[in-house]
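1. Could you look at this predicted model? Sequence included:
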Amino acid sequence: MNIRSLTRGDGVVIGAAVVLFIASFLDLSGYDCPSGVDCSRFSSPNAWDSLGLLMSVFLAGIIGAALVIVGRLAPRKVVGLDLGQFGVAFTVFALWTAFWTTIDAGDAGAGLILGLLATIVLAAGTVAGPLVPALKAPLTGAPKPPQAVQPPYGGQPGQGYGYPGAQQQPYGAQPSQGYGYPGAQTGGQPGQPGQGDPAQGQAAQAQQAAPQGGAAPAGDFTPFWFAVPVARPLYGEDGAPNPIAELAPGTWYLAVEQRGQGLIAQTQDGRRGVLQDTTGIQRG
């Protein structure tokens with residue numbers, strides 16, 4: 001369960017559900033108090049006094065909002081449908097009932113009017129949330145990408161976690177004993193530097209260049225950190241049709257390999273899979 005997977009559309013749904021809950025305690029109908037009559041003892045019923053209206057409008061909308069949010073945080077399927085799809089159906093049903101109940105009421109009270117407005121926003125948020133780009137944006141800002149570890153003096157950068165490369169020599173060790181370095185063995189006489197065998201010097205230079213060439217990663221792909229703009233499924237490397245995880249916005253993941261148009265991504269818990277849709281990703 002990742003709270004960072006919530007979007008702005010989910011925030012609208014949560015806010016509308018809170019307003020709908022408050023509206024359930026307000027009067028369902030209004031009345032005109034005749035002059036000269038003390039109406040303080042009269043009170044209009046609220047939604048909790050009408051079980052049918054409570055279940056079909058107010059609780060139906062709140063349950064629908066809860067299903068949408070739970071389906072976002074922990075995707076689950078029931079009889080082949082996502083929880084979010086059931087939530088959308090509940091909110092649309094609540095809007096339908098609230099609309100006709102308000103139309104049929106002779107003198108709608110504050111609870112009924114506010115409930116209708118809340119169900120309109122609630123249904124609009126659940127339906128348009130996955131479609132409108134402004135509502136698909138993360139509700140919370142994305143964290144900063146992980147900072148690369150500063151290499152020790154004399155080491156090469158880019159050797160931390162998530163970056164390919166060869167192991168570095170410990171600090172203080174001489175990088176090479178080949179020709180041209182202090183302390184290198186030469187074939188000349190003592191006290192006569194630079195008089196060694198040229199063939200030995202070329203061989204030493206080749207040995208010196210070998211580790212440097214071996215430090216380059218295979219291919220042209222360099223692993224990098226990235227974040228997705230919206231929640232996207234991560235499929236198994238074996239090509240199975242069912243996703244093994246969901247990449248959530250606001251979380252950084254490590255791309256370790258290129259596979260066609262997709263990426264082999266690694267999650268925080270070590271799972272690896274194929275991200276097929278890479279459009280709009282943010283590189284760290």
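-> Great, that's in hand.
2. which stretches of the stretch 51-200 of the chain have low pLDDT?
-> 141-200 (pLDDT under 70).
3. show me where it has helices.
-> Counting by DSSP state H, counting those that start in this stretch, the stretch 51-200 of the chain has helices at residues 51-53, 60-73, 83-104, 110-128, 133-136, 198-214.
4. of all the ones you listed, which lies closest to residue 34?
-> Counting by CB to CB, residue 34 lies closest to helix 110-128 out of the helices of the stretch 51-200 of the chain; the figure is 20.9 Å. For every residue, glycine as well, the C-beta is placed using N, CA and C.
5. List the buried residues of the closest one.
-> For helix 110-128, a neighbour-count test (16 or more other CB atoms under 10 Å) marks 111-126 as buried.
6. go on, stretch 85-102?
-> Buried, per 16+ other CB under 10 Å, within stretch 85-102: 86-88, 90-95, 97-98, 101-102.
7. okay if I get those residues as CSV plus distance to residue 140?
-> As requested, the buried residues of stretch 85-102 are arranged in CSV below (distance: CB to CB, whole Å):
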residue, distance to residue 140
86, 25
87, 21
88, 23
90, 26
91, 23
92, 28
93, 30
94, 28
95, 28
97, 33
98, 31
101, 36
102, 35
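8. hmm, back to that, for residue 248, which of the helices of the stretch 51-200 of the chain is the nearest?
-> Closest to residue 248 of the helices of the stretch 51-200 of the chain is helix 60-73 (CB to CB; 9.1 Å).
9. so what are the domain limits for the protein?
-> Using the TED database, the domain ranges for the chain come out as 8-30+44-135, 224-283.
10. which element is residue 264 on?
-> strand 262-266 (DSSP states H and E).
11. what's that strand packed up against?
-> Applying 3 or more CB pairs under 8 Å, 6 or more residues apart in numbering; DSSP states H and E, one finds that strand 262-266 contacts strand 253-259, strand 272-275.
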